[in-house]
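J.: Quick one, fold the following:
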Amino acid sequence: PMLVSFLGIVVFSVLSASATGFATLAAVRMLVGASFGIGQPAYSTLLTEMTPVRWRMLTTSLSMTMFSFGEVYAGILVWYNDPTMKDLDWRWLCIAGAIPSLVGLALCSFILHESASYLAANGYHEEAITVVESIKSMNGATHVVVDFKVVPTSDERSTSASLATIYSPPLL
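T.: Numbers count the residues shown, from 1 in each chain. Below is the predicted model of the structure:
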């Protein structure tokens, strides 16, 4: 989802610059927002999964500050384009606003791993171990033992029991 999110932000931001009317611009900008919405939950989950427990709150908090950096970046773009804000080139702003996502797409294409939890939960145990071993190696944690409990695959779990529990009277 994160790569799809970055790609969607870039593509739909560039398409925004070619919009010929308000309805088209609004529709394409909505797709930019949807692209952000696709990536944010996956990012938060992956960050939590890959961060040691003692660092989770700090890294999650720091990652949320990236929204502030995005706002500062947008302000710098506006100031660079027209400090008086009287003759802004909104098409250029749409394209320039996609640059961080383009960088994120390039970086994540090379360094992002699939979630080890997702792989293990869906029966890809060897791949999950490979991901964890790779992360272990990147962090120089050669002393860490990669051993985890194999969880039942999604086919082996009963979703009806889970839904019944969620919608039971004590939880409603």
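J.: Report the buried residues of the helix of greatest length in the chain.
T.: Using DSSP state H, we find that the single longest helix of the chain is helix 22-50. For helix 22-50, a neighbour-count test (16 or more other CB atoms under 10 Å) marks L25, V28, R29, L31, V32, S35, I38, G39, A42, Y43, L46, M50 as buried. Every C-beta, even on glycine, is put in place using the N, C-alpha and C of the backbone.
J.: next helix or strand past that helix?
T.: helix 56-64 (DSSP states H and E).
J.: and that next one, what does it pack onto?
T.: Helices and strands touching helix 56-64, by 3 or more CB pairs under 8 Å, 6 or more residues apart in numbering; DSSP states H and E, are helix 22-50.
J.: which strands and helices sit next to the helix it packs on?
T.: Using 3+ CB pairs under 8 Å, 6+ apart: helix 22-50 touches helix 2-17, helix 56-64.
J.: Going by mean pLDDT, which of those helices comes out lowest?
T.: Ranked by mean pLDDT, those bottom out at helix 56-64, with a mean of 89.
J.: Show residues contacting that helix.
T.: For helix 56-64, the surrounding residues in contact (CB atoms under 8 Å, 6 or more residues apart in numbering) are Y43, S44, L47, T48, T51.
J.: measure the fourth one to M2 for me?
T.: Shown here: T48 relative to M2, a distance of 14 Å by CB to CB, to the nearest Å.
J.: where does this protein have its least confident helix or strand?
T.: helix 159-166 (a mean of 58; mean pLDDT, DSSP states H and E).
J.: Need the helices and strands packed on helix 22-50 in JSON lines (columns: mean neighbour count and distance to E133).
T.: Shown next, in JSON lines, are those (neighbours: other CB atoms under 10 Å; distance: least, CB to CB, whole Å):
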{"stretch": "helix 2-17", "mean neighbour count": "20", "distance to E133": "21"}
{"stretch": "helix 56-64", "mean neighbour count": "12", "distance to E133": "22"}
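J.: Compile these into CSV and extend it with columns for distance to R91.
T.: Converted to CSV, those look like this (distance: least, CB to CB, whole Å):
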stretch, distance to R91
helix 2-17, 4
helix 56-64, 30
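J.: Quick one: closest of these to I99.
T.: Across the helices and strands packed on helix 22-50, I99 has its closest neighbour in helix 2-17 (8.7 Å, CB to CB).
J.: just checking, what packs against the closest one?
T.: For helix 2-17, the packing partners by 3+ CB pairs under 8 Å, 6+ apart are helix 22-50, helix 90-96, helix 99-111.
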